[in-house]
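K.L.:
Need the 3D shape of this:
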Amino acid sequence: MKEKIFIKAKSTENKKKINIPFPWFHLLSIAAVIFILAVWTIISELRIVKPIFLPSPIDLYMQFKQVKGDLAYNYLQTFFRMMTGFVLGCSAGILASLIMGRSRIASVLTNPIIQLLKPIPAIVLAPFAILWWGVSIKGVFFLIIWGCFFVMVIDGVEAIKNVPKIYHWAGAALGATKSDIYRKIVLPCIIPSIVGGLRVSLIAAFNLTILAEFNIASGGLGALIIKGYQFLRTDMLFLGIFFVITLALVVDLSIVIISRKVLKWTG
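P.N.:
I've put the predicted structure just below:
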């Protein structure tokens, strides 16, 4: 009787998992984008909203054809600045969290400093970056590294703390040393949390890159957006914002795809 109930429950569970076929998701997404573009075009072409406030997608495309070389250059500048600061800040944050999780002495020494500095928003340090390095790329890297570092330190330390103690006990019972437990049990357990922290850090890196390009760096999509604002070129504003969104989506999607391949064992 119990076996029949189990089979029935399993069959009903499988029925619940039946969803819309995979290709339909893409079609629905494309349809939603087309609908938004159509409404946007109608509003712009009928002058319901003045073009200076809302240029039409057609105008944006024509403007893109004229400035695509300049856009590509600024796009690559922003990408390089963001990725360099992101990689350096996240690497330093992950390394610091691993050291703090491994060594009690290191945790006691560094935790008060991190708790003291982490509430400081990175953008508040922009005047200091200008004072120390002037209007240069070093200040941009400093702000991005600052923002990403603290996200990854906090995320990594909490992930290590949340590894169930029973895993440590099971490893020790099987004869594993402390180094083996940390390397073969703790590290694999915290990888999903680290991936989540990387995605949060990516958002911080994008925000800080664009904000830094507003004030302390020449070139980049942030500088392009400011230029559009100064000359009342809303088409340049929209193009800059569009390319910021596409860049963020591409990098975030890359992290998701890589993490799914690396973390297949998590199910």
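
K.L.:
Every contact and neighbour count from this point should use C-alpha atoms.
P.N.:
Will do.

K.L.:
Show me what the lengthiest helix in the chain is packed up against.
P.N.:
If you go by DSSP state H, the chain has its longest helix at helix 57-102. Contact here means 3 or more Cα pairs under 8 Å, 6 or more residues apart in numbering; DSSP states H and E; on that basis helix 57-102 packs against helix 22-45, helix 104-117, helix 137-161, helix 187-215, helix 220-230, helix 234-262.

K.L.:
List the buried residues for the first one?
P.N.:
For helix 22-45, burial by neighbour count (16 or more other Cα atoms under 10 Å) applies to 40-41, 43-45.

K.L.:
Specify which member of these is nearest to residue 97.
P.N.:
Taking Cα to Cα as the measure, residue 97 lies nearest residue 40 of those, at 46.8 Å.

K.L.:
if we can go back for a sec, mind checking how far the longest helix of the chain is from the chain centre?
P.N.:
10 Å (Cα atoms, centre = their mean, to the nearest Å).

K.L.:
swap in stretch 232-243?
P.N.:
With Cα atoms, centre = their mean, you get 22 Å for stretch 232-243.

K.L.:
I'd like the average pLDDT over it.
P.N.:
For stretch 232-243, the mean pLDDT works out to 83.

K.L.:
In PDB, list the C-alpha atoms belonging to it.
P.N.:
Extracted in PDB, the C-alpha atoms of stretch 232-243 (Å, rounded to 0.1, in the frame of the first residue of the first chain):
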ATOM      1  CA  LEU A 232      20.600  67.900 -24.700                       C
ATOM      2  CA  ARG A 233      21.200  64.900 -27.000                       C
ATOM      3  CA  THR A 234      18.700  62.500 -25.600                       C
ATOM      4  CA  ASP A 235      19.500  60.100 -28.400                       C
ATOM      5  CA  MET A 236      23.000  59.800 -27.100                       C
ATOM      6  CA  LEU A 237      21.700  59.300 -23.600                       C
ATOM      7  CA  PHE A 238      19.400  56.500 -24.700                       C
ATOM      8  CA  LEU A 239      22.200  54.800 -26.800                       C
ATOM      9  CA  GLY A 240      24.600  55.000 -23.800                       C
ATOM     10  CA  ILE A 241      22.000  53.500 -21.400                       C
ATOM     11  CA  PHE A 242      21.100  50.800 -24.000                       C
ATOM     12  CA  PHE A 243      24.800  49.700 -24.300                       C
END
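
K.L.:
what comes into contact with it?
P.N.:
52-55, 59-60, 63-64, 75, 221-222, 224-229 (Cα atoms under 8 Å, 6 or more residues apart in numbering).

K.L.:
Likewise for stretch 66-83?
P.N.:
Contacts of stretch 66-83 (Cα under 8 Å, 6+ apart): 64, 137, 140-141, 144, 205-206, 209-210, 219-222, 224, 243, 247.
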